[in-house]
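*Asks:* got a predicted structure here, sequence first:
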Amino acid sequence: MRFAEPLALLLLVVPMARAWSLWRRRREPPAHLGFSSLALLADAPATARTRWQRVLPWIVPLGVALLVVALARPQQARRVEEIRSKSRNLMLVLDISSSMGGTDFKPNRLEVARRELGELARRRDGDLLGLVLFAGRAFLQAPLTPDAGLVQAMLGRADIGQLPDGTAIGTALALALAQVKDLPPASSAIVLVTDGANNTGKPSPFVAAEAARALGVRIHTIGLSSADTTTRDRTFIWRWGGRQADRLSQSDEAILRRIAERTGGRYYRATDPEALARIMDAIDPLERVDVRIGETRDWGDLFPFLLVPGLLLLGAELVLSLGRLRTVP
């Protein structure tokens with residue numbers, strides 16, 4: 001129960017003061033007229049009129065108190081619903097280093113990663129999404145926003161060469177964590193897509209993972225690894241100084257797996273575009289845990305149940321004091 005106008009309850013001081021006054025005066029001898037002694041009637045039983053005479057002074061404070069509480073508009077919840085919030089906070093972290101130009105994923109690794117992350121973002125209606133791009137440095141391309149279309153547009157513009165070359169995984173994770181550190185950890189997660197091991201920047205991936213674990217934020221890591229190490233892209237090599245599209249080494253995968261497992265997330269290895277699409281399909285339901293919130297949405301007024309008795313009490317006091325229970329001034 002709640003009061004729609006709680007300040008009105010301050011008026012209860014008036015009936016309470018009256019009641020206190022009656023309480024203090026109940027033993028004081030009342031003003032009276034002198035009559036012959038009625039001691040012989042001292043043992044006579046009290047009549048109904050006598051008993052009501054004692055109650056009459058208390059009716060007004062009680063009636064006024066009921067009217068004051070009615071004025072405060074007490075309300076009771078008539079309908080309480082359990083609603084479910086599906087809003088999640090997802091930070092997408094994408095590697096745009098030169099190795100992401102490898103053509104073992106057609107047309108290249110970056111294009112496939114952009115497409116699949118964009119599809120994941122499209123399906124996350126109602127979520128808050130953010131985007132961090134990284135190579136030798138990390139850059140916040142889009143802070144958390146409910147606009148999935150904006151994140152998709154930012155992914156479409158991500159390209160190799162926007163940042164100095166390198167793979168600063170720890171720096172990128174730390175930047176993504178900064179976006180969700182003040183939000184509920186149970187509804188926050190990071191999705192990292194990379195094809196290499198950390199080789200620059202601070203903090204280290206393990207330090208970033210420990211920070212995520214302390215905050216309760218999950219990190220899902222996805223390693224893009226060539227299934228065929230003989231693939232070469234001469235345009236890629238000429239333009240970006242690239243190299244052969246290599247597989248992730250066992251140590252590289254161990255690092256990504258450790259980051260994920262340490263934070264309660266999962267590690268995935270994608271060897272072709274179809275595998276990456278399946279991985280995104282697997283991550284999507286993992287981050288759709290509903291949050292139940294009990295919310296009162298409808299309130300019913302109770303003041304009529306106080307207003308009517310209060311008015312009846314005041315009316316009864318007026319009728320009785322002028323009629324059957326009338327006293328001599």
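*Replies:* Perfect, thanks for sending it. Everything quoted here is computed from the prediction, not taken from an experiment.

*Asks:* residues in contact with the closest residue to Ala316 other than its chain neighbours?
*Replies:* With sequence-adjacent residues excluded and distances taken as Cβ to Cβ, 6 or more residues apart in numbering, Ala316 is closest to Ile59, at 6.5 Å. Just so you know, the C-beta spots here come from the backbone N, C-alpha and C atoms, and that holds for glycine as well. Taking Cβ atoms under 8 Å, 6 or more residues apart in numbering, we find Ile59 in contact with Leu313, Leu314, Ala316, Glu317, Leu320.

*Asks:* repeat that for Gly166.
*Replies:* Here Gly166 is in contact with Ser97, Ala135, Gly136, Arg137, Asn199, Thr200, Gly201 (Cβ under 8 Å, 6+ apart).

*Asks:* only whichever of these are buried, select them in PyMOL.
*Replies:* Buried subset of the contacts of Gly166, written as a PyMOL selection, criterion 16 or more other Cβ atoms under 10 Å:
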select buried, resi 97+135+136+137+200+201
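
*Asks:* and the contacts of Gly166, which two are furthest apart?
*Replies:* Arg137 and Asn199 (12.5 Å; Cβ to Cβ).

*Asks:* which members of the contacts of Ile59 are classed as buried?
*Replies:* Among the contacts of Ile59, those classed as buried by 16+ other Cβ under 10 Å are Leu313, Leu314, Glu317, Leu320.

*Asks:* send me the strand or helix carrying the first one as PDB with only the CA atoms.
*Replies:* Yep, that's Leu313 we're talking about. Per DSSP states H and E, Leu313 falls inside helix 304-322. C-alpha atoms of helix 304-322 as PDB (Å, rounded to 0.1, in the frame of the first residue of the first chain):
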ATOM      1  CA  PRO A 304     -13.800   6.000   0.000                       C
ATOM      2  CA  PHE A 305     -13.500   3.300   2.700                       C
ATOM      3  CA  LEU A 306     -12.200   6.000   5.100                       C
ATOM      4  CA  LEU A 307     -14.100   9.000   3.800                       C
ATOM      5  CA  VAL A 308     -17.600   7.500   4.400                       C
ATOM      6  CA  PRO A 309     -17.000   6.200   8.000                       C
ATOM      7  CA  GLY A 310     -15.300   9.600   8.800                       C
ATOM      8  CA  LEU A 311     -18.300  11.600   7.600                       C
ATOM      9  CA  LEU A 312     -20.700   9.200   9.400                       C
ATOM     10  CA  LEU A 313     -18.900   9.600  12.700                       C
ATOM     11  CA  LEU A 314     -19.000  13.400  12.500                       C
ATOM     12  CA  GLY A 315     -22.600  13.300  11.600                       C
ATOM     13  CA  ALA A 316     -23.400  10.900  14.400                       C
ATOM     14  CA  GLU A 317     -21.600  13.100  16.900                       C
ATOM     15  CA  LEU A 318     -23.500  16.200  15.700                       C
ATOM     16  CA  VAL A 319     -26.900  14.400  16.000                       C
ATOM     17  CA  LEU A 320     -26.200  12.800  19.400                       C
ATOM     18  CA  SER A 321     -24.700  16.000  21.000                       C
ATOM     19  CA  LEU A 322     -27.800  17.900  20.000                       C
END
